[in-house]
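Chemist: Could you look at this predicted model? Sequence included:
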Amino acid sequence: MSEFVKVARVGDIQPGSGKTLNLRGTPVALFNVDGQYFAIHNSCPHEDGPLGEGTLCGCVVTCPVHAYEFDVTSGECLTESAYRVERFEVRVDGDDILLRQSADA
Ligand code: FES
């Protein structure tokens, strides 16, 4: 199991928005859903659209390329069930947001 790595600070990402960052070379999209943080791989499994630049509505992000929708809490694609995006574990420690690769990745 990999270690948690600090990637951002609380306040860097406003509720209802997301941010693209790098976790040891892996592009990750980190979202703030009403004060709770969720992280998925930034690359859309359809054609690699940047999910971190998508529009977040509740816990659903819409890919900016072809508008497929993904639940950021589960990684499931709501548009095409064959697609799923990798999730990352998120931990908040004081003002720091830390990530690590999820056990189910
Ligand atoms: S690249 Fe994301 S929906 Fe096509």
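Modeler: Done, it's in.
Chemist: Could you use CA atoms for every contact and neighbour count after this?
Modeler: Will do.
Chemist: residues from the protein in reach of the ligand?
Modeler: Neighbours of the ligand within the chain, by C-alpha under 6 Å from any ligand atom: 44, 46-49, 63, 65-68.
Chemist: Just the buried ones from the residues you listed, in PyMOL syntax?
Modeler: Listed next is the PyMOL selection for buried residues among the residues of the chain next to the ligand, using 16 or more other C-alpha atoms under 10 Å:
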select buried, resi 44+46+49+63+68
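Chemist: To which secondary structure element is S2 assigned?
Modeler: Assigned by DSSP states H and E, S2 falls within no helix or strand.
Chemist: so it makes contact with R100?
Modeler: Yes: contact criterion C-alpha atoms under 8 Å: S2 and R100 qualify, at 6.2 Å.
Chemist: Looking at these two, which one has more neighbours?
Modeler: R100 (20 against 9; other C-alpha atoms under 10 Å).
Chemist: burial count for R24?
Modeler: 10.
Chemist: can you pull the pLDDT of it?
Modeler: R24 carries a pLDDT value of 91.
Chemist: contacting residues around it?
Modeler: Going by C-alpha atoms under 8 Å, 6 or more residues apart in numbering, R24 touches no other residue.
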